[in-house]
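Enquirer: have a look at this prediction, sequence included:
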Number of protein chains: 2
Amino acid sequence: MSALEIQHRDPGTLARAGVLRTPHGEIRTPAFVPLATKATVKSLLPHEVAELGYDMVLGNTFHLFLDPGHERIRRFRGLHEFMGWRAPIITDSGGFQVFSMGHGTVADEVKGRAPMGQERMGKILAIEEDGVAFRSYLNGETLFMGPETSMEIQGALGSDIALVFDECTPFNVTREYTQRSTERTHRWLDRCLAWHDARGPEGQLVYGISQGGVHEDLRVESTQAVASRPVDGIAIGGSLGADKPQMYEVVSWATAAIADDPRPRHLLGIGEVDDLIRGVELGIDTFDCAMPTRLGRHGVAVVNDPERRWRVDLTAGRFKDSDEPLLEGCPCPACALGYTRGYLRYLVHARELTGQRLLTLHNLAYLSRLMQRLRAAIAEGTLAATAAALRAGELP
Amino acid sequence: MSALEIQHRDPGTLARAGVLRTPHGEIRTPAFVPLATKATVKSLLPHEVAELGYDMVLGNTFHLFLDPGHERIRRFRGLHEFMGWRAPIITDSGGFQVFSMGHGTVADEVKGRAPMGQERMGKILAIEEDGVAFRSYLNGETLFMGPETSMEIQGALGSDIALVFDECTPFNVTREYTQRSTERTHRWLDRCLAWHDARGPEGQLVYGISQGGVHEDLRVESTQAVASRPVDGIAIGGSLGADKPQMYEVVSWATAAIADDPRPRHLLGIGEVDDLIRGVELGIDTFDCAMPTRLGRHGVAVVNDPERRWRVDLTAGRFKDSDEPLLEGCPCPACALGYTRGYLRYLVHARELTGQRLLTLHNLAYLSRLMQRLRAAIAEGTLAATAAALRAGELP
């Protein structure tokens, strides 16, 4: 039985709305999932994240493996207790971060983003059938991560949803490389499922990951290969193309290949406003992305401005004297407390933690309301009109 | 009439409890005043500061003069509106920061502290009878601050309590230097009062500042000289000695010299737990200090440990596996949410904003409760026993 109860379907698209059930509670879908990379949504406390309307956060297997270590988190009775978030947690597999070390700026390249706030990265020492040896970016220690390691770490973290270990293939490689890599990802998928069957924590859901790059046949094959296994859900990962039209196309190949599959679908690392709208139409149930939190820490706010990718960069000097709010009618603390763009600009320019925090709250509030509107529209049968309004920058 | 209504006096000491009235509301005294140096209590929102039990914050004239500029804050209808804190604000005069540039690490030396988190500092170009020319640490611009400038800035900020511009004389100077400097501070005091009389904002209180260093006669003379003017309160500033016993002695000379004066007394830049207890006994009504907020951002928490200056440094490796709370029974979010020292250690070690914030909240919660106990003890006539218990590290 699928963990996702689909309650409403949009007649014109693959969009669906429902409830995803996990050991630590339910997620209203479609949903955006904020990052709690290092056991915290940066600058926020758990109840603040919940009050913004979020049901689930994403923990980072790779970073938590390096520090404080999954065995330590196990001793603290798992990630939920450790970080005080007692609602659902999804953990990525670590594959994306491990392979980002080898592929340089793949994190940005894959998602078609400009580099921003990159972390110091370690170095891949060897990619073999068993997994990847790499050097820790924290202390130079030689570490290893393979399918079993990843599942063991996620088991120790005790997440509600674990993602299998995959090679996140970059955009700028040959079709042959993508094909070989995707086949290995499928072998790793089976090893992950075998490990989880034998030793995974009770109730933890496991999602497979569709790879195949931007090649339609490979992407469809990979998606079907993943769906043919007893996975609890299907995530879409790897290279999604060079631009947004290509990304939507790649995602559409994947979801069309499993259009009738009732299991939940997660789109990895995607979270811009237009991408969320389109992703929902393409049948995605959950999304995660660093965008709202990372942009917030760098002084960029999400606003109703489709012409400028829904962004306003408050570090710009022209806001020094602005007494406008970020977004009229927004219920986030930055707007509800009456803060001006001038004040927020001052705070982010002075690198004040309060500024980073206010923009993080605002950006997450925006995406939460966006998803809430999309869920309601699917339920009410008004998705086409709602999506058009949201795309036009109307989020009342 | 004094802005301070003294409601209770301790029979055994100079301690007193009451209510300090300002244009933006009342402050329950004795009180600790958290720093809102750059128009925010770092990492906190105004309602969080109020919920911790604080009635007033301290804004920094020097930093706000440099960025965003007092004229800009005036256009935003003053500091209260700009930062969304609609309760009392006290602003320092800028003298301490201006003179710290000339005297190097005077900020630490004066307070007998080890250097920590020092800011890049500009440079004094000239100290003259009119004031001080200096170079901005932000952009190298040549700026000037004198008594009238300081009062004008504080007028534009619209603080409830302004401090007069003084030379903060360091510890390591001759008696002659201290004397000359103190005399100039008194001339500046008169110029500040004259400017404020003519052009200061309605209702803004003005405190004079006692200097005189660690010389009993100079300190007493200076305190009396300040008290002889029509100031609304008396702040104690400058060098207070090389160690705590000397600091207490210097403060006691000052407050003894004005023992019967009903006007409020502020002790500048002092806020360690034992100093607050002793300061209250010596008749101080309000204190400000960077300690709780700055230490919090550096991973140090205030706890019931008099042997270690009421501090625990969570960056220490020994807390990696600690499942102890910071402080049993503490109502702050870090303790009330059940966070372990191990988790907090992880956050501060990973430089996570959430960790800085949780320790800021905890440290401010500790000092707020400390002051609340002292106020209650004075009202109930139990100060001696309460002070002894608090000194023994008992904050139930």
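Expert: Looks like it arrived, so ask away.

Enquirer: which parts of the stretch 51-200 of chain A are helices?
Expert: Using DSSP state H, counting those that start in this stretch, the helices of the stretch 51-200 of chain A run over A:61-66, A:70-75, A:78-83, A:95-102, A:106-111, A:147-157, A:175-199.

Enquirer: between those helices, which gets nearest to chain B?
Expert: The stretch from these with the least distance to chain B (Cβ to the nearest Cβ) is helix A:78-83; that distance is 5.6 Å. Heads up, the C-betas are built off the backbone N, CA and C, glycines and all.

Enquirer: elements contacting the closest one?
Expert: When contacts are defined as 3 or more Cβ pairs under 8 Å, 6 or more residues apart in numbering or on different chains; DSSP states H and E, helix A:78-83 sits against strand A:89-91, helix A:147-157, helix B:341-349.

Enquirer: find the closest residue to chain B in the stretch 151-300 of chain A.
Expert: A:Arg297 (7.9 Å).

Enquirer: is the spatially most central residue of chain A in a bridge, and if so with what?
Expert: Nearest to the mean C-alpha position of chain A, by Cα atoms, centre = their mean, lies A:Asp288 at 1.7 Å. Residues found in beta-bridge contact with A:Asp288 (criterion: DSSP bridges) are A:Val33.

Enquirer: distance of A:Leu79 from A:Val312?
Expert: 34 Å (Cβ to Cβ, to the nearest Å).

Enquirer: just A:Phe82 next, same as before
Expert: Distance from A:Phe82 to A:Val312, counting by Cβ to Cβ: 35 Å.

Enquirer: more neighbours: the two, which one.
Expert: Neighbour tally, A:Phe82 and A:Val312, criterion other Cβ atoms under 10 Å in any protein chain shown: the higher count belongs to A:Phe82, 26 against 21.

Enquirer: check what pLDDT the nearest residue to A:Leu374 once chain neighbours are set aside gets.
Expert: Spatial nearest neighbour of A:Leu374, chain neighbours left out: A:Val280 (5.0 Å); criterion: Cβ to Cβ, 6 or more residues apart in numbering or on different chains. Model confidence at A:Val280, expressed as pLDDT, equals 98.

Enquirer: show residues contacting the helix or strand harbouring A:Val280.
Expert: Assigned by DSSP states H and E, A:Val280 falls within helix A:273-281. Contacts made with helix A:273-281 from outside it, assessed by Cβ atoms under 8 Å, 6 or more residues apart in numbering or on different chains, are listed as A:10, A:13-15, A:30, A:32, A:244, A:247-248, A:251, A:267, A:270, A:287, A:302, A:306, A:309-310, A:366-367, A:370-371, A:374, A:378, A:383, A:387, A:390-391.

Enquirer: also stretch A:389-396?
Expert: Counting by Cβ under 8 Å, 6+ apart, stretch A:389-396 makes contact with A:273-274, A:277, A:304-307, A:310, A:327, A:329, A:366, A:369-370, A:373-374, all of which sit outside it.

Enquirer: CA-only coordinates of that stretch in PDB, if you can.
Expert: Presented in PDB, the C-alpha positions along stretch A:389-396 are these (Å, rounded to 0.1, in the frame of the first residue of the first chain):
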ATOM      1  CA  ALA A 389      -2.300  33.600 -11.100                       C
ATOM      2  CA  LEU A 390       0.700  32.400  -9.200                       C
ATOM      3  CA  ARG A 391       2.800  32.500 -12.300                       C
ATOM      4  CA  ALA A 392       1.700  36.100 -12.800                       C
ATOM      5  CA  GLY A 393       3.100  37.000  -9.400                       C
ATOM      6  CA  GLU A 394      -0.300  37.100  -7.600                       C
ATOM      7  CA  LEU A 395       0.000  35.500  -4.200                       C
ATOM      8  CA  PRO A 396      -2.600  37.400  -2.300                       C
END
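
Enquirer: near chain B, which residues of the stretch 201-350 of chain A are found?
Expert: Taking Cβ under 8 Å from any Cβ of the partner chain, the part of the stretch 201-350 of chain A that reaches chain B is made up of A:297, A:320-321, A:323, A:333, A:337-340, A:342-343, A:346-347, A:349-350.

Enquirer: need the longest helix for chain A.
Expert: Taking residue count as the measure and DSSP state H as the definition, the longest helix of chain A comes out as helix A:353-380.

Enquirer: so which bits of that one are buried?
Expert: A:353-371, A:373-375, A:377-378 (16 or more other Cβ atoms under 10 Å in any protein chain shown).

Enquirer: give me the distance between A:Arg391 and A:Leu370.
Expert: Counting by Cβ to Cβ, the gap from A:Arg391 to A:Leu370 is 11 Å.

Enquirer: where in chain A is pLDDT low?
Expert: Applying pLDDT under 70 to chain A flags the ranges A:102-121, A:396.

Enquirer: centroid-wise, who is the farthest residue in it?
Expert: In chain A, counting by Cα atoms, centre = their mean, A:Asp321 sits farthest out from the average C-alpha position, at 35.6 Å.

Enquirer: so that residue touches A:Tyr343, yeah?
Expert: No: distance between A:Asp321 and A:Tyr343: 10.7 Å, which falls outside the contact criterion (Cβ atoms under 8 Å).

Enquirer: and chain A, what are its domain boundaries?
Expert: Segmentation of chain A into domains, based on automatic domain parsing, reads A:4-103+A:145-289, A:297-380.

Enquirer: enumerate the residues of the stretch 1-150 of chain A near chain B.
Expert: With the criterion set to Cβ under 8 Å from any Cβ, the stretch 1-150 of chain A comes near chain B through A:38-47, A:67-68, A:72, A:75-76, A:82-84.
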